[in-house]
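**Q** What would the 3D arrangement of this be:
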Amino acid sequence: CQGRTEWYANTVGPLPQEIIGVALAADGSIVVAGTVSDTFTFQSETATSTNSTDDVFVAKLDPTTGAIQWFTRFAGNCSEKVGTLTISPAGDIIVTGRVFFPLSGCSVNGVAIVSEGATLPRHFVVRMGDDGNIINTKQLDMHYVYSVAATATELFIAGRRYSPAMPSNISYYANKYDLNGVPSGTTTWLSGYELKALYAEGNNIWAAGLYSGTVGLPDSFDFTSSGGTDIFVARITSNFSFTVAASFGGTGDDAPTAIYADAGGVYLGGSFASPTIDLGADTLTNSDASKDAFVAKLTNTLSPMGALQIGGTNEQSISSISRSGPGLSVAGQFRGVLTLAGLPGDVISNGNTDTFVTPDTLQPVWRRVVGGADYDYAWAAGGPDGETYYAARIFGPVDIDDTQAGVENSTETSDEGYVMRMAP
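**A** Numbers count the residues shown, from 1 in each chain. From the prediction side, this is the model:
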């Protein structure tokens, strides 16, 4: 049965836990990153987080059985939460995280996290080897990280910074670092636009962002939005030159949330509140007055080739896009009713938001919905044989193992982190 659970594992404890990143290692193993709190259990691992606060962990799992190959917990003495997970072409595991409202004396893996005010979080980046050993930890000059892309030798990180003197003043910027998190270029401050999603395809950095009004992107790519916020996609060189760019949007607020690229093309995930959005061969019409999600396929020169709409009532969004065999794995969340173009029937969420996974290119062949009683969020990484590795933060009781109809594998009344393998 396509999408069936072949194995799963979850973090269990009295306080909220989460797994919000999943990626394939060079040897085909699965790497996950998450946050644990207080006393927790994850398969064979049982421990208590530092000072009973939040700790970040990374684990490597066998792709066939889900068994833990290694488990590494970051050494922090304040409250740390995971941000992003990326694996470089050389096999380095890159994890970002944040320390909420760091006080004097906060550190992660022995590296001091310097406070800029009682209300401002600070971000850090950790480089790990494929064996789970921590190579380096570095504080970042950002208060929030949107996305990370890794080439064989460099990191590209987009995020935002608040003014310590006036936190309501927000600046958006991107920076280039070596794999240890040391800046290797001049900070690029973004004027009139944000970079929301990055992906490295070899030495090409594909970026998706948003803007409103008229914006002058680098290298004379100038666009004017059709209404609220519009989406742009660009290919960026290592010195942040734009070599190609394109803009998409309607009269409402539209935004990108994920991007992926390979020899088959560029795949853009996003949401649109506009009544319609033109994506080349397909013009999508919004299902209601809220936001629908979409996945659009573009050529390497960013000409649109078509799109898949993910609609329904209330809001839908895309978290991740990745290659899965000959097709794609797309993961996201929705609230209310989910309608997936090309598949019969609608699905109703169990709570505020549920998660979904759907494969293939722009013609989905199956969908899987997982969710508890409150807000749930999901990510996915596709495997070489068409399988999907799913990671999520799910609140409350949920039937996660669909081979046992009606079995609630979770009875916790707070968030838990889940990882599972879904059949191709």
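**Q** where does the stretch 101-250 of the chain dip in pLDDT?
**A** 101-103, 118, 164-168 (pLDDT under 70).
**Q** what about 90?
**A** 101-107, 113-122, 141-143, 161-174, 183-192, 202-204, 218, 227, 237-241 (pLDDT under 90).
**Q** Can you list the residue ranges for strands in it?
**A** For the stretch 101-250 of the chain, the strands defined by DSSP state E, counting those that start in this stretch cover 107-108, 111-112, 122-128, 134-139, 144-150, 154-163, 166-178, 188-190, 193-201, 204-217, 221-236, 242-248.
**Q** now those in TSV, with distance to Asp254 and mean neighbour count?
**A** For glycine as for every other residue, the C-beta is placed from the backbone atoms N, C-alpha and C. As requested, the strands of the stretch 101-250 of the chain are arranged in TSV below (distance: least, CB to CB, whole Å; neighbours: other CB atoms under 10 Å):
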stretch	distance to Asp254	mean neighbour count
strand 107-108	36	23
strand 111-112	39	14
strand 122-128	27	24
strand 134-139	34	18
strand 144-150	17	22
strand 154-163	18	22
strand 166-178	18	16
strand 188-190	18	16
strand 193-201	12	22
strand 204-217	7	20
strand 221-236	5	20
strand 242-248	7	19
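**Q** of all those, which lies closest to Gln316?
**A** When these are compared by CB to CB, strand 221-236 sits nearest Gln316, at 15.9 Å.
**Q** and the nearest residue to Pro326 once chain neighbours are set aside, what does it touch?
**A** Spatial nearest neighbour of Pro326, chain neighbours left out: Gly386 (7.2 Å); criterion: CB to CB, 6 or more residues apart in numbering. The contact partners of Gly386, by CB atoms under 8 Å, 6 or more residues apart in numbering, come to Ser324, Gly325, Pro326, Gly327, Pro359, Pro424.
**Q** of those residues, buried ones?
**A** Among those, the ones that count as buried by 16 or more other CB atoms under 10 Å are Ser324, Gly325, Gly327, Pro359, Pro424.
**Q** Out of those, flag the one nearest to Val111.
**A** Nearest to Val111 among the buried ones among the contacts of Gly386: Ser324, at 36.4 Å, using CB to CB.
**Q** thinking again about what came up before, now the strands of the stretch 101-250 of the chain as CSV including distance to Gly382?
**A** Listed next are these as CSV, based on distance: least, CB to CB, whole Å:
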stretch, distance to Gly382
strand 107-108, 31
strand 111-112, 34
strand 122-128, 22
strand 134-139, 27
strand 144-150, 18
strand 154-163, 22
strand 166-178, 27
strand 188-190, 31
strand 193-201, 14
strand 204-217, 17
strand 221-236, 21
strand 242-248, 24
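**Q** Per-residue pLDDT of the residue nearest to Pro326, please?
**A** We have a pLDDT of 89 for Gly386.
**Q** Output the below-cut-off pLDDT ranges for the stretch 251-400 of the chain.
**A** Using pLDDT under 90, the stretch 251-400 of the chain drops low at 263-264, 278-283, 287-290, 306, 308-316, 324-329, 331-378, 386, 392-400.
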